[in-house]
Each structure stands twice: as C-alpha cells, then as structure tokens.
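> sequence below, structure please.
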Amino acid sequence: MILNLLNLKKKENLLIAPIATHIKSKNLSWRLMFLINRKTQKKIKREQDKIFASYNKQLDKLKSEVEKNFTYVGKKFPEEARKIHYGEKSDKPIYGEATEKESQDLIKEGISLVKLPFDVKDKKKN
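I've put the predicted structure just below:
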C-alpha cells in the first residue's frame, strides 16, 4: 500500500501529508492520510501570500499614519500620558514605549491606550 502511494505521488505530482488520527481494528492500525495536488498547494500558498501582503500593507499604512500624526515620546510614554491625562500638558496624540506593568498601571488610572502592532525601537525622539 505504501509503495503504491509513493508511486502515485511521483506519477500524479501529489503531496502526501499525514494527520494525527489513527484507525485501529482487530488486526490493523492505519494512519489516515490526505492527498493534495501540488497545483492546489501552490494556489493555497498564493492566497496566503496575498492575505499576508495585504495585512503587512495595512500595518505599514497604520505605522505611517501614527508616525505622521502623533508625537513620539519614547520611554517617557507613561510619564507623558499621565501629564496629558491629569491636565499638566496640552492634549495631543502621543506614542512611545511602556512595559507591560506600566501599561497596566496606566489602564488602572483610567488612561486609555492601545498597543501598537509594530515595533518603534528604531524611532528617534522628535
């Protein structure tokens, strides 16, 4: 049976991929397998690439908008956010860096924040 599947793989250009299910009977133990045509596999890969390219493009656009319209305050983000929240500084959009604990503390104080889905470590303070 395995030899036939290997021959089928070569002749039909199919991918044989095991899955983690076993069928057991009195005399037999089988591992279920499925066949995916390589053409279909390539089509699936192209669709995944399109989705990730679109996702990355949207992330890049978001990052660009944030960098253009917000002031980068770096590691002083918690301090600057508190000053704005408590009226010590004018209300302006900022972004920067904070540890998980600092973020939790800000939220407990009622300060709204959003974790950005990109890294800003290379950004220099304006």
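
> what mean pLDDT does the longest helix along the chain have?
Longest helix in the chain, counting residues (DSSP state H): helix 38-69. The average pLDDT for helix 38-69 rounds to 88.

> so which bits of the helix or strand where Lys83 lies are buried?
If you go by DSSP states H and E, Lys83 is part of helix 77-85. For helix 77-85, burial by neighbour count (16 or more other Cβ atoms under 10 Å) applies to Phe77, Pro78, Glu80, Ala81, Ile84. C-beta: built from backbone N, CA, C; applies to glycine.

> so where's this structure shaky on pLDDT?
1-36, 120-126 (pLDDT under 70).

> wait, Tyr72 touches Gly96, no?
Yes. With contact defined as Cβ atoms under 8 Å, Tyr72 and Gly96 form a contacting pair (6.1 Å).

> neighbour count winner among those two?
Using other Cβ atoms under 10 Å as the criterion, Tyr72 and Gly96 rank with Gly96 on top: 20 against 17.

> please tell me how far the residue nearest to Pro93 when sequence neighbours are not counted sits from Leu62.
Spatial nearest neighbour of Pro93, excluding adjacent residues (Cβ to Cβ, 6 or more residues apart in numbering): Phe70 at 4.3 Å. Applying Cβ to Cβ, to the nearest Å, the value for Phe70 to Leu62 is 11 Å.

> phi, psi for Ile94 please.
phi -130, psi 160 (degrees, to the nearest 10).

> gap between it and Lys68?
From Ile94 to Lys68 the distance is 13 Å (Cβ to Cβ).

> who has more neighbours, those two?
Applying other Cβ under 10 Å to Ile94 and Lys68 shows that Ile94 carries more neighbours, namely 18 against 7.

> contacts only, for the more buried one.
By Cβ atoms under 8 Å, 6 or more residues apart in numbering, the contact list for Ile94 reads Phe70, Thr71, Tyr72, Val73, Phe77, Glu80, Ala81, Ile84.
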